[in-house]
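# What shape does this take:
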Amino acid sequence: MPNNLASQPQENRILSGSISSNFFALFIPSIIGLLAFSSASLIDGIFVGNFVGAQALAAINLLIPFINLLFGIGYMLSVGGSVRGGKYIGEGRFDLASGVFSKILILCMSFSIMVVIVGLYFEDHLYRALGANDELIPLMSEYFRIRFPFMIAEMFIIVMYYFVRIDGFANFSAVGILVASVINVILDYVFVAEFQWGLAGAAWATGLAQACAVLYFLSYFILKKRKLSIRVKQQHWLEVFQASFNGMSEFINEVSASLIAFILNWLLIISVGTNGVAAITIINYLLLVGIMVVYSISEACQVFISQNFGAGNIQRIKQYALVTAMACAVTSGVFIFLLLGFTDEMIAMFLNDTSEAAAQLAHEYVAILWPIFLVNGFTISISAYLTALHAAKESAAIALSRGIILPVIFIMVLYYYVPSIPFLWALPIAEGLTFVLAVMLFLRNPPHKHMPAIKHD
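Just a heads-up that it's a prediction; the model follows:
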């Protein structure tokens, strides 16, 4: 199958179409897909906060760092593998692209099955490690036991989403995630609002929606124009680890988000209690929407640049980088306006009238964290740009600085040595300093610098 497909010449619009048209053709499906993909937790948060309560919202938030940590491995493998697959497609070597796809899918599915078994067996130890008290553990268990086994389905969807996109079916990927999101909304309303199943209802809604998405993505394999196929027997597994290293920045982003969320949850429980955790959960949901738009821009950047990098189109890469920067600037302005102009309305989506203390804290946190959007779009897009150029070390340096090193340092310094300043200020400070680093690395890594570094087998 791969050889037959490879022998059929097909126009690749990413390599020859207009830059602006390519941007929207890649960005719009990406933003639909990622917003829909991230909506599982967002939608759960809205229904749980309004129909179950702030404590249930806090219970979900304590689980998020662990779940995101596991998904980080899936993102690392999928993004790194898809960038390599995109390079092969740009070169017209569809058989090698299928090989990478097959190995990443096999590895991710095997990993997710193993983790689900271990996670369910040691669930009580996990809750304690995540900082839960006796009040929150029953709520966490109610959600986790149902939601966690569906991680196998979600890991499959992550792999399919990224590889189907680089095969030229961005709209197909977006529709699959969007369908799952719509199903999730419907089931959340039925299970949580109507049936009053609480956290169990939210977990079933998310899990069943993801199962439907799996069925949708399986239909990719009957598409006639696809270039990728699955072959169980594979060799050269070292390539998977080489490709995964190039996706290290995505892994760091997920792991760092989990680590920072864990630290913040721990400090907030100590300083202000469960209401603090509920409030930061709301802010995370609000920030999540903006971050997903930024990641949509960076994903479009990776697809475009990886294929043009494989084809040696340096000028097109430079032109696309300019369009990406313009999109980041617009995104920054829009989300700052929404956060500051409609704070009350956004917070009210997640809390009922009985959660005034959590709502007040959420207001305070918005006032501190909004400057993140001044620069985070540029920083994340530069990291994606470097990943697409196979500059894995530089991309990982940005991710480490933004996600772990600088935030942890400033959180600890402010909390222990400058208690008069809220320790949440550590996040916008770290974001600003990382932006400076990202710009420096961008200027030092033009596309032609990395062309000789990629070996053509």
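# rest of the way, CA atoms for contacts and neighbours
Fine.
# which parts of whichever strand or helix holds G99 are buried?
Secondary structure from DSSP states H and E places G99 in helix 94-121. Neighbour counts using 16 or more other CA atoms under 10 Å place 94-106, 108-109, 111-113, 115-116, 119-120 of helix 94-121 among the buried residues.
# helices or strands next to it in the packing?
On a contact count with 3 or more CA pairs under 8 Å, 6 or more residues apart in numbering; DSSP states H and E, helix 94-121 meets helix 2-6, helix 54-91, helix 151-166, helix 238-246.
# mind redoing it with 10 Å?
Counting contacts by 3 or more CA pairs under 10 Å, 6 or more residues apart in numbering; DSSP states H and E, helix 94-121 packs against helix 2-6, helix 54-91, helix 123-129, helix 137-147, helix 151-166, helix 238-246.
# The helix or strand containing I32 vs helix 151-166, what angle?
According to DSSP H and E, I32 maps onto helix 19-51. Orientation check (axes from the mean of the first three to the mean of the last three CA atoms, to 10 degrees): helix 19-51 against helix 151-166 gives 160 degrees.
# Centre of the chain to helix 19-51, how far?
10 Å (CA atoms, centre = their mean, to the nearest Å).
# likewise stretch 341-351?
Counting by CA atoms, centre = their mean, stretch 341-351 comes out at 23 Å from the chain centroid.
# How about it, which residues are buried there?
Applying 16+ other CA under 10 Å to stretch 341-351 flags T343, M346, I347, A348, F350, L351 as buried.
# next one: stretch 324-339
Neighbour-count burial for stretch 324-339 [16+ other CA under 10 Å]: T324, A325, A327, C328, T331, S332, F335, I336, L339.
# Please convert the residues you listed to a markdown table, extending it with distance to L400.
What follows is these, written out as a markdown table (distance: CA to CA, whole Å):
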| residue | distance to L400 |
| --- | --- |
| T324 | 22 |
| A325 | 22 |
| A327 | 24 |
| C328 | 21 |
| T331 | 23 |
| S332 | 22 |
| F335 | 24 |
| I336 | 25 |
| L339 | 26 |
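# Among these, which lie within strands?
For those, not one is inside strands, with DSSP state E as the criterion.
# Show me the residues you listed that map onto helices.
If you go by DSSP state H, the buried residues of stretch 324-339 have T324, A325, A327, C328, T331, S332, F335, I336, L339 in helices.
# right, and F94 touches G85 too?
Yes. Between F94 and G85 there is a contact under CA atoms under 10 Å: 8.3 Å.
# what stretches of the stretch 201-350 of the chain score poorly on pLDDT?
Low-confidence segments of the stretch 201-350 of the chain (pLDDT under 70): 246-250, 254.
# quick one, what contacts S18?
Counting by CA atoms under 10 Å, 6 or more residues apart in numbering, S18 touches R316, Y320.
# Number the residues from 215 up from this point.
I'll keep to 215 as the first residue from here, and by that count the last item is S232.
# how close does it get to A576?
Here the distance between S232 and A576 works out to 43 Å (CA to CA, to the nearest Å).
# same question, M374
36 Å.
# And for C426?
For C426, the distance to A576 - CA to CA - is 34 Å.
# Looking at the two, which one has more neighbours?
A576 (23 against 17; other CA atoms under 10 Å).
# Name the helix or strand for that one, please.
Assigned by DSSP H and E, A576 falls in helix 570-583.
# how big is the angle separating the following helix or strand past that helix from helix 452-460?
Next in sequence after helix 570-583, counting helices and strands by DSSP H and E, comes helix 590-602. Angle, helix 590-602 to helix 452-460, by the same axes, to 10 degrees: 160 degrees.
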